[in-house]
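# Next comes the sequence, and after it the predicted model I'd like to discuss.
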Amino acid sequence: MKPVELIKLPIKNEMELFEKKFKDSMQSNVPLLNRITYYIIRRKGKQMRPMFVFLVAKMVSDGGFDERTYRGASVVELIHTATLVHDDVVDDSNRRRGFFSINALWKNKIAVLVGDFLLSKGLLLSIDNSDFDLLKLISIAVREMSEGELLQIEKARKLDISEDIYFDIIRQKTATLIAACCGIGAASVGANEETVQQMRKFGEYIGIAFQIKDDLFDYTEEKIGKPTGIDIKEQKMTLPLIYTLNTCSKKDKNWIINSVKKYNRDKVRVKEVISFVKNHGGIEYTTSKMNEYKNKALAILEQYPNSEYKNSLKTMIDYVVERKI
């Protein structure tokens with residue numbers, strides 16, 4: 001059985017019902033919108049974020065559940081989908097999960113409006129049901145995601161990202177949404193504020209480990225659907241590169257910065273940078289940091305009684321750091 005199917009096993013019925021409820025939450029009176037949202041649903045990803053919502057909800061409530069949990073999962077997926085649609089416009093990307101992106105098929109104007117529509121649907125789903133605690137958690141995530149993206153853009157121009165700033169960026173850009181999923185899962189079943197915040201922290205640690213793993217893919221030679229060195233070509237300052245810049249000689253540092261700034265389209269030069277980072281210990285350091293956050297997440301889980309939901313969350317953590325794509 002594939003890892004994702006194994007993770008999903010204790011919440012299989014909930015996930016099946018969620019798919020129907022999520023589809024219903026996207027309904028509109030505009031035929032064009034319905035055609036586009038149908039296209040989105042047909043090309044859905046692994047749906048890891050709703051899985052976090054359901055598994056955390058069941059773990060902290062000893063298998064309990066609430067209709068609010070479905071709404072929380074739908075809000076998360078609506079907001080997440082909206083950000084993906086907008087990201088493809090910002091990045092001028094024509095592909096998403098191997099399929100044409102919304103902006104590639106229907107152009108930027110429609111894609112932006114579809115993203116806005118999904119965002120509003122998510123907000124209204126919470127407001128109409130007075131789920132204000134859930135709305136606050138997802139709203140914090142949206143604010144932080146926007147701040148993280150802008151911070152990265154600002155810093156990328158000068159290539160002066162320190163390790164502390166790097167962790168600020170990935171916490172906001174990637175980890176904050178997974179943190180919201182876990183917080184929403186706990187809040188949806190009436191967990192106290194301490195548990196909600198603890199689950200947010202749990203999700204944050206997993207999200208950071210997830211992004212660090214993504215950084216490592218840029219230095220792998222396995223076929224992952226993403227070309228090696230793409231982050232360097234896009235002048236993204238990832239942890240292996242930051243560590244290397246902070247620990248190499250001034251001469252080597254100038255060579256790397258010059259390579260990333262001026263020769264990032266030169267395949268030979270990019271390969272030389274990748275090789276230098278590998279030989280300088282950048283991969284080992286980054287892997288150790290990833291495992292550090294993995295262990296922080298596991299330490300939080302250990303505070304909860306054993307259950308199939310806790311086991312699935314453990315499997316999820318292993319999957320995040322061991323996945324091949």
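Good, I have the coordinates.

# list the contacts for Ser25?
Ser74, Leu78, Lys121, Leu125 (CB atoms under 8 Å, 6 or more residues apart in numbering). C-betas here are computed from N, CA, C, even on glycine.

# same thing with Gln303?
For Gln303, the contacting residues are Gln198, by CB under 8 Å, 6+ apart.

# Arg49: helix or strand, and which one exactly?
helix 48-60 (DSSP states H and E).

# Next secondary structure element downstream of that helix?
Going down the chain from helix 48-60, the next helix or strand is helix 67-90, by DSSP H and E.

# Any quick PyMOL command for the buried ones out of the contacts of Ser25?
Buried members of the contacts of Ser25, defined by 16 or more other CB atoms under 10 Å, are picked up in PyMOL with:
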select buried, resi 74+78+121+125
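
# Turn the contacts of Ser25 into JSON lines, columns for pLDDT and distance to Arg171.
Listed next are the contacts of Ser25 as JSON lines, based on pLDDT from 0 to 100; distance: CB to CB, whole Å:
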{"residue": "Ser74", "pLDDT": "92", "distance to Arg171": "25"}
{"residue": "Leu78", "pLDDT": "89", "distance to Arg171": "22"}
{"residue": "Lys121", "pLDDT": "89", "distance to Arg171": "27"}
{"residue": "Leu125", "pLDDT": "90", "distance to Arg171": "26"}
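
# Widest-spaced pair of the contacts of Ser25?
Ser74 and Lys121 (8.7 Å; CB to CB).

# on contacts alone, who are the packing partners of the helix holding Arg49?
For helix 48-60, the elements it packs on are helix 3-8, helix 12-25, helix 67-90, helix 176-188, helix 193-217, helix 308-322, judged by 3 or more CB pairs under 8 Å, 6 or more residues apart in numbering; DSSP states H and E.

# Got the confidence number for Asn94?
Note for Asn94: predicted pLDDT of 68.

# now do Lys262
For Lys262, pLDDT reads 82.

# How about Lys107?
Lys107 carries a pLDDT score of 78 in this model.

# So which elements touch the helix or strand where it lies?
Using DSSP H and E, the element containing Lys107 is helix 102-128. Secondary-structure packing of helix 102-128 (3+ CB pairs under 8 Å, 6+ apart): helix 31-42, helix 67-90, helix 132-156.

# With distance to Met59 added, can I get the helices and strands packed on helix 48-60 in TSV?
What follows is the helices and strands packed on helix 48-60, written out as TSV (distance: least, CB to CB, whole Å):
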stretch	distance to Met59
helix 3-8	13
helix 12-25	13
helix 67-90	12
helix 176-188	8
helix 193-217	9
helix 308-322	4
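
# highest average neighbour count across the ones you listed?
Across the helices and strands packed on helix 48-60, averaging neighbours per residue (mean count of other CB atoms under 10 Å) puts helix 176-188 on top, at a mean of 30.

# Low-confidence ranges, this structure, go.
Confidence mapping of the chain against pLDDT under 70 gives the ranges 94-98, 221-229, 324-325.

# what about the residue in it sticking out farthest from the centre, distance to Ile232?
Distance to the chain centre peaks in the chain at Lys251, reaching 35.7 Å (criterion: CA atoms, centre = their mean). Plainly put, Lys251 is 19 Å away from Ile232 if you go by CB to CB, to the nearest Å.
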